[in-house]
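[1] here is my input, please return the structure:
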Amino acid sequence: MQEGAEDIQIGFGIGQTQVEEAMKHKQLSKNQMAKAMHTSLSQLDRILDPGNKRIQLDTMIKAAHVLGRELRIELV
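    Coordinates of the predicted model:
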């Protein structure tokens, strides 16, 4: 992981909440975030839905990259 970078964890809404908080911290609107990810606003809404348990990893990787974060997945 890059020095100073925070990771995003996926699990029961945790990842979605972290993405939303990071967007607020960077002052990114949903439209700006979707554009930076090269995706649709509806796809971003699915990412931000804490009830959505079927998020594609490549989409979360794009979100993490735009936010200057890394995505970490662990088996525990």
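[2] what about the helices in this protein?
    Ranges of helices in the chain, per DSSP state H, are 14-25, 30-37, 41-48, 57-66.
[3] so which of these comes closest to R72?
    helix 57-66 (9.0 Å; Cβ to Cβ). Where you see a C-beta, it was placed from the backbone N, CA and C, and this is true even at glycine.
[4] elements contacting the closest one?
    strand 7-8, helix 14-25, helix 30-37, helix 41-48, strand 70-71 (3 or more Cβ pairs under 8 Å, 6 or more residues apart in numbering; DSSP states H and E).
[5] chain center to it: distance?
    From the chain centre to the centre of helix 57-66 is a distance of 6 Å (Cα atoms, centre = their mean, to the nearest Å).
[6] now do it, average pLDDT.
    For helix 57-66, the mean pLDDT works out to 91.
[7] ditto for stretch 18-38
    Averaged across stretch 18-38, pLDDT comes to 95.
[8] make 55 the starting number, not 1.
    New numbering, starting at 55: the last item is stretch 72-92.
[9] and that stretch, what's buried?
    72-73, 76-77, 82, 87-88, 90-91 (16 or more other Cβ atoms under 10 Å).
[10] again with stretch 123-130
    Applying 16+ other Cβ under 10 Å to stretch 123-130 flags 123, 125 as buried.
[11] as TSV, the helices of the chain with distance to I127 would be great.
    Shown next, in TSV, are the helices of the chain (distance: least, Cβ to Cβ, whole Å):
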stretch	distance to I127
helix 68-79	10
helix 84-91	19
helix 95-102	16
helix 111-120	8
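[12] for V130, find the nearest of the ones you listed.
    Comparing the helices of the chain by their distance to V130 (Cβ to Cβ), the top pick is helix 68-79, with 13.3 Å.
[13] for that closest one, name the packing helices and strands.
    strand 61-62, helix 95-102, helix 111-120.
[14] thinking again about what came up before, of all the helices and strands packed on helix 111-120, which lies closest to M114?
    strand 124-125 (5.4 Å).
[15] follow-up on the earlier one: need the helices and strands packed on helix 111-120 in CSV with distance to R108, can you?
    As requested, the helices and strands packed on helix 111-120 are exported to CSV (distance: least, Cβ to Cβ, whole Å):
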stretch, distance to R108
strand 61-62, 17
helix 68-79, 12
helix 84-91, 18
helix 95-102, 8
strand 124-125, 16
